[in-house]
Structures are given as structure tokens and as C-alpha cells.
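In: Got a sequence here, can you model it:
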Amino acid sequence: MSIFIVPLKKVGKPEIVKTMLQPMKYPLPPFLQGIVTQSKYCKWLHCKADTLRRRDLRMNRPYAKANSVAVYKALIHEAISQNGEVDPYTGDSLHWDLIGFWDNKPIPKRALVPISGLSTLFAKIIYKVNLSHASMGLDKKYGFLPHEYYLMPTIDHCEPESEILRFEVCSWIVNAGKNQLTPQEYIALCQKVVGHIAGEG
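Out: Residues are numbered from 1 along each chain as shown. This is a model prediction of the structure:
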């Protein structure tokens, strides 16, 4: 508790005003210090929570009706604080400096960082999908994600069809490949793909 002395002009005697300093609700995780600002992080966090809840409501997921945007924000912030520095499936460092630069805005200049094994595989798949979308004009509707965005952090449900609302942080390229799969289903799919490719070799 902090105590401030506020002088009174008329009486001439100080008045003691007690105020309780409120801790920040969604403090910037330590690994994001110097990468993004607190205000930018909070704005992005609210946007993600609101977008995810709206999408869940459209898909008639019961936990969306039972939980507010504030609950979504708290759970997303918890996931970021615990395991938001690297992609949990590939180990790639997530490029948090990219948040807020989507929607065809200029992105920070940087050397392209090689994406490890599984990410590279899915990058090729997504690239082919994007090419087919472009040939049909779908890129104008859904957008074409440049290579520089592949390691942009995204928020995904751990298990979309579960009754428990839980999130994880992963790169855009992994999120696109994982889609509606559970972590176990996604890992099994990756192992099947790698096993098939290795068998052909």
C-alpha cells in the first residue's frame, strides 16, 4: 500500500490519501522484454481472444458461450507466459516482433531464418496450397502468407473439440498444418509423413 501526501489549499493541512497499487493484469512475459511493448502486447492479446471466441461461437462450441473474452485473454496469456518462446513441435524460436504487422503492413527487415525439419515440410505443402489459391483468385480473399511470417506466433486450441478450454502457442506454419487436429493426432501425422518419406529414400 502506498501513501501519498496531498496538500489542501484552503485548510493548509496535509490530507493522507491511501491508494492500493493494482498489479498489471497481463504483464509482459520476461522473454518479450525489449521485443514488443506492453501496450502492443495487450492490444494483440485482446484481439486474439476476441477473434478466437467469435470463431468458437460460430462453430457452436459450448465453452465459447460459457466463457467471456476476459477468460480467453487470461488463458492465452497463461499459455504465452509458460511456453510462448519457441514452437512446441519444432523448437523454432517464434518471431514475436511480427505481431501487429499482418494485414499487408510492412514487416521488420531481417535475414530469413531456416525453419527446422517438420516446419520446412509443411512450408512446402502450404506454399503449394497458396499457389493453387492464387490461380483461383482465392489469395485476394484469404491472403498469401510470405515466408517471413512462417514463424509468427499464433494461438491455437490444444484440443478444439474438448470440453476444456486450453490454448497453446505455435508458429503460423505449424498451426496451418495442425488445423483441427489434437497434439497427439498432429504428431502421429508428422511421424507418418516422415516415415513415408524416409521409406522412399
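In: Could you pull up the mean pLDDT of the helix or strand harbouring G177?
Out: Following DSSP states H and E, one finds G177 within helix 172-178. Averaging pLDDT along helix 172-178 gives 89.
In: Please name every helix or strand in contact with that helix.
Out: Where contact means 3 or more CB pairs under 8 Å, 6 or more residues apart in numbering; DSSP states H and E, helix 172-178 is packed against helix 117-135, strand 153-157. Placement of C-beta: from N, CA and C, glycine included.
In: need the contact list for Y72.
Out: By CB atoms under 8 Å, 6 or more residues apart in numbering, the contact set of Y72 is A49, D50, L52, R53, L165.
In: Nearest spatial neighbour of it, chain-adjacent residues omitted?
Out: The shortest distance from Y72 to any non-neighbouring residue, by CB to CB, 6 or more residues apart in numbering, is to A49 (3.8 Å).
In: helix, strand or coil for the one you found?
Out: Put simply, A49 is helix when judged by DSSP: H, G, I helix; E, B strand; the rest coil.
In: Helices of this protein, residue ranges please.
Out: Residue ranges of the helices in the chain, as given by DSSP state H, are 38-58, 62-66, 69-83, 117-135, 139-142, 172-178, 183-200.
In: still on that earlier bit, contact partners for the residue nearest to Y72?
Out: Contacts of A49 by CB under 8 Å, 6+ apart are V69, A70, Y72, K73, I76.
In: go with 7 Å
Out: By CB atoms under 7 Å, 6 or more residues apart in numbering, the residues touching A49 are V69, Y72, K73, I76.
In: Return the distance of it relative to M152.
Out: For A49, the distance to M152 equals 17 Å [CB to CB, to the nearest Å].
In: just K48 next, same as before
Out: As for K48, its distance to M152 is 12 Å (criterion: CB to CB).
In: circling back to that earlier point, mean pLDDT lowest where, among the helices and strands packed on helix 172-178?
Out: In terms of average pLDDT, helix 117-135 trails the rest of the helices and strands packed on helix 172-178, at a mean of 48.
In: picking that back up, highest average neighbour count across the helices of the chain?
Out: Mean neighbours per residue, mean count of other CB atoms under 10 Å, is largest over the helices of the chain for helix 172-178, with a mean of 23.
In: hey, C-alpha coordinates of that one in PDB?
Out: Extracted C-alpha coordinates of helix 172-178, given in PDB (Å, rounded to 0.1, in the frame of the first residue of the first chain):
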ATOM      1  CA  TRP A 172       1.800 -19.900 -38.100                       C
ATOM      2  CA  ILE A 173       3.200 -22.700 -40.400                       C
ATOM      3  CA  VAL A 174       2.600 -25.400 -37.800                       C
ATOM      4  CA  ASN A 175      -0.800 -24.000 -36.900                       C
ATOM      5  CA  ALA A 176      -1.800 -24.200 -40.600                       C
ATOM      6  CA  GLY A 177      -0.600 -27.800 -40.800                       C
ATOM      7  CA  LYS A 178      -2.200 -28.900 -37.500                       C
END
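In: Out of the contacts of A49, which is nearest to V194?
Out: Distances from V194 to the contacts of A49, taken as CB to CB, are shortest for I76 (30.2 Å).
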